[in-house]
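Engineer: build me a model from this:
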Amino acid sequence: MTDGYRAPDAAHRYVLETVRAADRDRFLAALFAPEPARSDLLALLAFDHELARTPTVTREPMLARIRLQWWREAVAEATGAGAPRAQPVVEALSEAVRRHRLAPERLEALIDAREEEIDGALDVVRAGHALADLELAVLGVADAATLQAARTVGSAWLMGEGPERAALLAEARALRSRIDKAALPILLPALSLDGGLTPWRKPLAYWWAARTGRY
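Structural biologist: The predicted model follows:
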């Protein structure tokens with residue numbers, strides 16, 4: 001295999017359905033990205049979902065670490081040149097990371113953040129930044145203002161409601177006029193953190209926000 005690896009269609013369908021069911025707000029936002037970035041964002045979100053599930057899959061620290069080690073090995077395969085293991089999230093992730101030549105260390109940073117959660121509270125800043133950095137690489141965005149906004153929204157997403165989250169959202173929104181609009185598919189979920197959006201209103205709200213560059 002080469003950097004031109006393509007995941008089976010069944011893997012992409014599995015990832016799409018998984019993210020749609022488990023992470024609907026970020027799923028809706030990802031749909032505003034053009035292909036193939038859209039599929040790549042969904043692969044990253046499915047990967048993040050699998051890591052986040054670790055505390056619910058097992059409460060035994062040793063088993064949790066074994067599960068995350070499985071994902072470390074999967075990442076090594078995904079970023080390598082050979083065929084990845086036949087698991088749909090790994091296959092879709094392999095296509096994304098090889099397309100964008102993402103270094104394994106960038107994916108491992110997200111695993112490291114989740115591993116800390118085994119023995120204590122999740123470091124929402126570390127985890128939020130790690131995923132945002134990967135998403136921006138997929139979208140081809142690298143400017144400082146957009147990086148700050150994406151990392152801030154990513155951290156806020158993992159927080160409970162309160163003044164700290166509100167402050168982060170305000171910080172991200174203060175950068176609206178300076179961000180690269182290509183990053184809106186990962187910034188739009190900020191709208192859902194304000195509350196008040198019913199499920200049927202969210203698609204329209206996201207659509208309008210994408211057109212106006214607001215989040």
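Engineer: what stretches of the protein score poorly on pLDDT?
Structural biologist: By pLDDT under 70, the weakly predicted segments of the chain are 1-3.
Engineer: which stretches of the protein form helices?
Structural biologist: Secondary structure of the chain by DSSP state H: the helices cover 9-22, 24-30, 37-52, 54-57, 61-78, 88-100, 104-116, 124-139, 144-157, 163-173, 184-187, 202-212.
Engineer: out of those helices, indicate the one that is most buried.
Structural biologist: helix 184-187 (a mean of 26; mean count of other CB atoms under 10 Å). C-beta: built from backbone N, CA, C; applies to glycine.
Engineer: contacts for it?
Structural biologist: 26, 29-33, 37-38, 41, 132, 135-136, 139, 149-150, 153-154, 172, 179, 209-210, 213, 215 (CB atoms under 8 Å, 6 or more residues apart in numbering).
Engineer: and stretch 55-67, end to end?
Structural biologist: End-to-end span of stretch 55-67 (CA to CA, to the nearest Å): 10 Å.
Engineer: chain center to that stretch, what's the gap?
Structural biologist: A distance of 21 Å separates the centroid of the chain from that of stretch 55-67, by CA atoms, centre = their mean, to the nearest Å.
Engineer: my read: P88 touches L16, true?
Structural biologist: No - taking CB atoms under 8 Å as the definition, P88 is not a contact partner of L16, at 10.1 Å.
Engineer: once you drop chain neighbours, what's closest to the spatially most central residue of the chain?
Structural biologist: For the chain, L45 is the residue whose C-alpha lies nearest the centre (CA atoms, centre = their mean; 4.0 Å). Leaving aside its sequence neighbours, L45 sits nearest to V19 (CB to CB, 6 or more residues apart in numbering; 4.8 Å).
Engineer: OK, contacts around V75?
Structural biologist: Counting by CB under 8 Å, 6+ apart, V75 has contacts 93, 104, 107-108, 111.
Engineer: ok, it to W208 distance?
Structural biologist: Between V75 and W208 the computed distance is 37 Å (CB to CB, to the nearest Å).
Engineer: tabulate the helices of the chain (JSON lines), appending distance to L193.
Structural biologist: As requested, these are arranged in JSON lines below (distance: least, CB to CB, whole Å):
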{"stretch": "helix 9-22", "distance to L193": "17"}
{"stretch": "helix 24-30", "distance to L193": "9"}
{"stretch": "helix 37-52", "distance to L193": "16"}
{"stretch": "helix 54-57", "distance to L193": "22"}
{"stretch": "helix 61-78", "distance to L193": "27"}
{"stretch": "helix 88-100", "distance to L193": "26"}
{"stretch": "helix 104-116", "distance to L193": "20"}
{"stretch": "helix 124-139", "distance to L193": "12"}
{"stretch": "helix 144-157", "distance to L193": "6"}
{"stretch": "helix 163-173", "distance to L193": "6"}
{"stretch": "helix 184-187", "distance to L193": "11"}
{"stretch": "helix 202-212", "distance to L193": "12"}
